[in-house]
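**Student:** The following comprises the amino acid sequence and a computationally predicted model.
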Amino acid sequence: MSDFRIMGVINVTPDSFSDGGRYLDGAAAVAHGLELEAEGAAILDVGGESTRPGAAPVPESQELRRVIPVIEGLIAGGSRAQISIDTSKAGVAVRALNAGASLVNDVTALRADPKMAGVVADAGAECCLMHMLGDPRTMQRNPSYADVVLDVRSFLEERMAFAASAGIAVERIMLDPGIGFGKTVEHNLELLRRLDELVALGRPVVIGTSRKSFLGRLTGREAPDDRVAATVATNVLAYERGARVFRVHDVAPVRDALTVTAATVSAPWTNRTSTTR
Ligand code: HH2
């Protein structure tokens with residue numbers, strides 16, 4: 001039994017930065033989700049609106065048409081994974097929770113829609129509160145912080161208190177520094193390096209570095225698909241620093257890497273006479 005969970009990404013969008021358009025067809029998205037689950041995803045995160053820098057907002061009716069059939073299809077297809085809805089709209093969250101989702105992944109940390117906190121509380125759902133500076137249209141314009149880790153930490157503390165005051169049980173909250181959401185390459189690296197300071201808040205930390213552009217900047221890999229090794233490296237480091245939920249597009253390599261990391265870091269080495277190498 002591993003002590004980490006992998007959240008596989010299912011983007012039902014035409015414009016996501018790394019896989020836009022690939023799973024816009026509902027059946028393709030469902031098949032992809034089931035494949036991610038078979039590879040080891042314990043959570044499937046279904047999203048119908050891209051949050052890439054500069055992305056245009058999607059009307060609620062369209063977001064619903066994208067995500068609800070996929071959630072229904074995953075369940076009809078026998079999925080046993082926890083289903084997460086990646087949305088900032090309370091109306092989408094309600095329908096997704098009714099369709100079988102039990103986790104709301106809101107990249108605005110319950111700020112965009114005043115009804116969102118109540119929806120999560122009423123459903124007794126889990127939620128992921130993520131840090132973002134500004135909104136996707138503006139977030140990469142010269143982001144600046146006094147101290148990125150302390151700023152993100154106090155933001156997450158404030159959002160956690162808000163969620164609790166709205167009736168969301170603290171045990172149902174996960175926290176995410178929002179890698180790439182209003183951050184320079186250096187900010188992302190500093191957050192990864194000092195992730196233990198966010199883990200100290202006492203809730204599971206979710207980390208989402210998968211294929212992101214800072215990895216392209218560091219490695220020179222232009223194509224997001226070519227950033228898998230870089231993604232693996234950041235997830236291994238984040239595990240070592242205390243993160244336990246990993247939001248990724250490439251489940252199989254991350255699962256293998258984290259399985260070995262967890263075995264190495266967490267388990268006492270008892271069989272010293274083993275000759276297996
Ligand atoms: N990153 C993205 C979207 N949702 N949610 C959480 N909790 N943490 C993240 O880091 C995160 C997220 C961006 O990645 P992706 O979904 O692949 O791209 P897009 O937003 O363009 O669909």
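**Tutor:** Received the coordinates, thanks.
**Student:** all strands of this protein, in order?
**Tutor:** Remark: strands assigned in the chain by DSSP state E are 5-11, 43-47, 82-86, 103-106, 126-130, 173-176, 206-207, 245-248.
**Student:** Kindly confirm whether my reading is correct that R22 touches A28.
**Tutor:** Yes. Using Cβ atoms under 8 Å, R22 is in contact with A28, at 7.2 Å. Quick note: C-beta positions are derived from backbone N, CA and C, even for glycine.
**Student:** What mean pLDDT does stretch 11-21 get?
**Tutor:** Averaging pLDDT along stretch 11-21 yields 86.
**Student:** That stretch: which residues count as buried?
**Tutor:** 11-13, 16-20 (16 or more other Cβ atoms under 10 Å).
**Student:** Show me which residues of the stretch 1-150 of the chain are close to the ligand?
**Tutor:** Within reach of the ligand by Cβ under 6 Å from any ligand atom, the stretch 1-150 of the chain has these residues: 9, 11, 13, 16-18, 47, 50-52, 86, 105, 107, 128, 130.
**Student:** Give me the below-cutoff pLDDT ranges for the chain.
**Tutor:** Low-confidence segments of the chain (pLDDT under 70): 1, 267-277.
**Student:** neighbours around the closest residue to the ligand within the chain, how many?
**Tutor:** Closest residue of the chain to the ligand, Cβ to the nearest ligand atom: G208 (2.2 Å). Residues lying near G208 (other Cβ atoms under 10 Å) number 28.
**Student:** Spell out the residue ranges of the helices in this protein.
**Tutor:** 26-39, 60-76, 90-99, 116-123, 148-165, 185-193, 196-199, 213-219, 228-240, 251-266 (DSSP state H).
**Student:** Can you say which of those helices is nearest to S2?
**Tutor:** Counting by Cβ to Cβ, S2 lies closest to helix 251-266 out of these; the figure is 5.8 Å.
**Student:** and the buried residues of stretch 11-21 as a markdown table, adding distance to P143?
**Tutor:** Listed next are the buried residues of stretch 11-21 as a markdown table, based on distance: Cβ to Cβ, whole Å:
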| residue | distance to P143 |
| --- | --- |
| N11 | 24 |
| V12 | 28 |
| T13 | 24 |
| S16 | 21 |
| F17 | 17 |
| S18 | 21 |
| D19 | 25 |
| G20 | 23 |
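**Student:** tell me, what residue is most central in the protein?
**Tutor:** Central residue of the chain (Cα atoms, centre = their mean): R247, 4.1 Å from the mean position.
**Student:** S16: what's it in contact with?
**Tutor:** Residues in contact with S16, defined by Cβ atoms under 8 Å, 6 or more residues apart in numbering, are 47, 50, 52.
**Student:** Perfect, I'm done here.
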